[in-house]
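Novice: predicted structure and sequence below. I'll ask about it afterward.
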Amino acid sequence: MVPALLALIFLGLPLLALLIKAPWDRLWQVLTSPTSLDALRLSLTTASAATLVAFIIGVPLAWLLARQEFVGRKFARALVTVPLVLPPVVGGIALLLAFGRRGIVGQYLDQWFGITLPFTTPGVVVAEAFVAMPFLIITVEGALRSLDGRFEDAAATLGASRLTIFRRVTLPLIAPSLIAGAVLTFARALGEFGATITFAGNLPGVTQTLPLAVYVGLEGDPAEAVALSLVLLAVSVTVLVVLRDKWLRTGASA
Amino acid sequence: MNGLTAKVRVARDDFTLDVDIAAQPGEVVAVIGPNGAGKSTLLRTICGLTSISQGQIALGDLVVDEPDRGIWLAPDRRHTGVVFQDYLLFPHLSVRDNISFGPRSAGQSRSQSQQAANHWIERLALTELADRKPSTLSGGQAQRVALARALATDPLVLLLDEPMGALDVATRLDVRAELRTHLRDIEIPTLLVTHDPLDALVLADRIIVLENGRVTQQGKALDVARRPATTYVARLLGLNLLRGKANDGTITLDAGGVLNAAAKSDSGDVLVAVRPDAISLHANQPEGSARNVWQGVVDAIEPIGDRVRVTVTGAPTVMADVTTSAIVELGLAKGSQVWLSTKATELEVYPAA
């Protein structure tokens, strides 16, 4: 009993502290300051963009992993999970070595196309997508795996092409998991810190996302840091609520 | 328009399906067989979900699978209407959208496909269900929707996989009767796969018996029912099937015993089919007109409906159906000595294939 209670207090107390110590009297003022607004706007746009990127390239990969036999599939699946356990800072360094100005791909991006990613807003998106995409891939792959493939067989006998089947049968059937995966990805991207600061730096208005602003704020204006932390906490709680509804629904229909 | 012809050979590690079947336009053919006989595989080869290793499948003039000539059409180009075992209605689409899915996939416009759907919604009396989701339908209703969805594609052949499999026993009777009326109106060949003899007898014009990947018997439903070719079919239909040699109306059974038949025409290897209710049980040796009388030991007693089926070991070993009161009167229990009798006219004797 006591250890269990201790664990609960240990997990709950810091959140409680955050609520107690929040500068409630000047919360609005802090949140609407130019730095905060910039960070908020940047975080929302980059996290959305990262989620979109994950959707466009992650869903096809999930489909491939779930449905196609190919050499190296196990390796590919392991690779997808690496960013989940890799310290984000290491991810950031790896991104620099790949897409940095001297990186193995980055130097050609720079020479041939004049594209530089590090220390730019697109760089933030790259860092966030790198860290967060596995959530979408794994969720969607699991859904595709557990989907009854006979629905797709039925659609085929009704004359539907593979693309039609995917669009009109597969996607709608895994919609709950698509939403859950996207929400998880968005939440992870929004909270991304290590890879972002390493790969994209900490330039206000350009690459300084909410978590970075919190970190910087802690050194200058702690009240601002706490206020911005509240915003991130609110997002996390929202994510939990959204996912809980999803889990309840699938639980009921199973 | 021509019917369905399928010479199907599918070889797997531990199983070979090797059958040659056909169905005429408007004909309902039931493929019946035990689990693992290859029924579903056969159906899957026709709609293209499994490819054959040898042979040819043709829907009318359209050859859809012929490995030797390198012909193989994907399921979506075959024009087969399939009603799957648990119907597989798309859960996220309404009844109407399920039915219009086929026409829509075939490239018809939204309004055209809605029109096609409406035609079948009306014909199968689904008007009141059209806007409901499949999860709210009863088993019988879902089956009708699945049938409408399959037929709305204007298929060249209709395939039904265990059409009663997803229904509870109580509703089967009604749904089966209803399905029968619908199948009668269909002008394309219909192939239905089932392990339930009632489905085959009620729904089909012709029965094909599939055992271990091979056809062991085919013919009109009534003929198969009266003259089963294998123990499987006989047991399925609740018949006693005995094998023996006939000589001038006297049949010496392979497993022991002699029976006398009324007809004397057949001689040589024959099969004898006897209905269990044509066999009477007696405590003492019966006197009377029955030509066939023998003795045995009761091996099993099980109730079937309002009758009781008694398995008696003897020469021959048979199943006999008697009333509950007969069990009491005769004091039957496992191990009881009992006399059996059946009339010569009750024996259906026919040459063994």
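Specialist: Alright, I've got the coordinates.
Novice: and the pLDDT for A:Arg249?
Specialist: For A:Arg249, the pLDDT comes out at 53.
Novice: err, B:Leu173, not the other one
Specialist: For B:Leu173, the predicted pLDDT is 77.
Novice: and it, which helix or strand is it part of?
Specialist: Under the criterion of DSSP states H and E, B:Leu173 resides in helix B:169-184.
Novice: any idea how far that helix is from the chain center?
Specialist: Relative to its parent chain, helix B:169-184 has a centroid offset of 14 Å by C-alpha atoms, centre = their mean, to the nearest Å.
Novice: name the single longest helix found in chain A.
Specialist: helix A:222-253 (DSSP state H).
Novice: so which elements touch that helix?
Specialist: helix A:2-21, helix A:27-31, helix A:34-53, helix A:175-190, helix A:210-220 (3 or more C-beta pairs under 8 Å, 6 or more residues apart in numbering or on different chains; DSSP states H and E). Bear in mind the C-beta positions are built from the backbone N, C-alpha and C, glycine included.
Novice: re earlier: so which bits of the helix holding B:Leu173 are buried?
Specialist: B:172, B:175-176, B:178-179, B:182-183 (16 or more other C-beta atoms under 10 Å in any protein chain shown).
Novice: just to revisit the earlier point, just the buried residues of the longest helix of chain A, please?
Specialist: A:223-232, A:235, A:239, A:242-243, A:246.
Novice: kindly report the same for stretch B:62-79.
Specialist: Of the residues in stretch B:62-79, those buried (16+ other C-beta under 10 Å) are B:64-66, B:72-73, B:75-76, B:78-79.
Novice: chain B contacts on chain A?
Specialist: A:148, A:150-151, A:153-161, A:164, A:168-169, A:172-173, A:175, A:253 (C-beta under 8 Å from any C-beta of the partner chain).
Novice: picking up where we left off before, the helices and strands packed on helix A:222-253: lowest mean pLDDT?
Specialist: helix A:27-31 (a mean of 85).
Novice: and that helix, how far from the chain's centre?
Specialist: The answer for helix A:27-31 is 26 Å, by C-alpha atoms, centre = their mean.
Novice: before we move on, what about stretch B:314-332?
Specialist: 29 Å.
Novice: got the buried residues for that stretch?
Specialist: For stretch B:314-332, burial by neighbour count (16+ other C-beta under 10 Å) applies to B:314, B:316-322, B:326-327, B:330, B:332.
Novice: for stretch B:267-281, same thing?
Specialist: Buried residues in stretch B:267-281 (16+ other C-beta under 10 Å): B:270-276, B:278-281.
Novice: just put those in CSV and tack on distance to A:Ile138 and pLDDT.
Specialist: Formatted as CSV, the buried residues of stretch B:267-281 follow (distance: C-beta to C-beta, whole Å; pLDDT from 0 to 100):
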residue, distance to A:Ile138, pLDDT
B:Val270, 66, 87
B:Leu271, 61, 86
B:Val272, 64, 87
B:Ala273, 60, 85
B:Val274, 63, 88
B:Arg275, 61, 87
B:Pro276, 59, 88
B:Ala278, 65, 89
B:Ile279, 65, 92
B:Ser280, 69, 91
B:Leu281, 67, 92
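Novice: taking those residues one by one, which sit in strands?
Specialist: B:270-274, B:280-281 (DSSP state E).
Novice: on that earlier part again, biggest separation within the buried residues of helix A:222-253, which pair?
Specialist: Pairwise distances across those (C-beta to C-beta) peak at 35.4 Å, for the pair A:Ala223 and A:Lys246.
Novice: secondary structure class for the nearest residue to B:Val297 once chain neighbours are set aside?
Specialist: In this structure, B:Val297 finds its nearest non-sequential neighbour in B:Thr313, 5.1 Å apart by C-beta to C-beta, 6 or more residues apart in numbering or on different chains. Assigned by DSSP: H, G, I helix; E, B strand; the rest coil, the conformation of B:Thr313 is strand.
Novice: can you list the residues of the stretch 51-200 of chain B near chain A?
Specialist: Residues of the stretch 51-200 of chain B lying close to chain A by C-beta under 8 Å from any C-beta are B:74-82, B:84, B:88, B:90-93, B:101-102, B:105-106, B:135, B:149-150, B:153.
Novice: so which of the residues you listed belong to strands?
Specialist: B:80-82.
Novice: would you check that B:Pro25 makes contact with B:Asn2?
Specialist: Yes: here B:Pro25 reaches B:Asn2: they are 7.3 Å apart, a contact under C-beta atoms under 8 Å.
Novice: A:Ile137 falls within a strand, correct?
Specialist: No: under the criterion used here (three-state DSSP), A:Ile137 is helix, not part of a strand.
Novice: burial check on it, number of neighbours?
Specialist: By other C-beta atoms under 10 Å in any protein chain shown, 26 other residues sit near A:Ile137.
Novice: hang on, isn't it packed against A:Gly58?
Specialist: Yes: the criterion here is C-beta under 8 Å, and A:Ile137 meets it with A:Gly58 at 4.7 Å.
Novice: dump the residue contacts of residue 102.
Specialist: Answering for chain A, as no chain was given. By C-beta atoms under 8 Å, 6 or more residues apart in numbering or on different chains, no residues touch A:Arg102.
Novice: oops, wrong one, chain B.
Specialist: A:158-159, B:113, B:149-150, B:152-153.
Novice: that one and B:Pro155, how far apart?
Specialist: For B:Gly102, the distance to B:Pro155 equals 9 Å [C-beta to C-beta, to the nearest Å].
Novice: quick check on B:Ser336: phi, psi?
Specialist: B:Ser336 adopts backbone torsions of phi -70, psi 140, taken as degrees, to the nearest 10.
Novice: go ahead and confirm it touches B:Val298.
Specialist: Yes: at 4.4 Å, B:Ser336 counts as touching B:Val298 under the criterion of C-beta under 8 Å.
Novice: those two - which one has more neighbours?
Specialist: B:Val298 (21 against 18).
Novice: what lines up beside the strand or helix carrying the more buried one in the sheet?
Specialist: Assigned by DSSP H and E, B:Val298 belongs to strand B:292-304. Applying DSSP bridges to the sheet, strand B:292-304 is found paired with strand B:307-314 (antiparallel), strand B:337-342 (antiparallel).
Novice: can I get these in JSON lines with mean pLDDT?
Specialist: JSON lines is the format used below for the strands paired with strand B:292-304 (pLDDT from 0 to 100):
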{"stretch": "strand B:307-314", "mean pLDDT": "89"}
{"stretch": "strand B:337-342", "mean pLDDT": "93"}
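Novice: want to throw the buried residues of stretch B:267-281 into JSON lines with distance to chain A?
Specialist: Shown next, in JSON lines, are the buried residues of stretch B:267-281 (distance: C-beta to the nearest C-beta, whole Å):
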{"residue": "B:Val270", "distance to chain A": "44"}
{"residue": "B:Leu271", "distance to chain A": "39"}
{"residue": "B:Val272", "distance to chain A": "43"}
{"residue": "B:Ala273", "distance to chain A": "39"}
{"residue": "B:Val274", "distance to chain A": "42"}
{"residue": "B:Arg275", "distance to chain A": "40"}
{"residue": "B:Pro276", "distance to chain A": "39"}
{"residue": "B:Ala278", "distance to chain A": "44"}
{"residue": "B:Ile279", "distance to chain A": "45"}
{"residue": "B:Ser280", "distance to chain A": "50"}
{"residue": "B:Leu281", "distance to chain A": "49"}
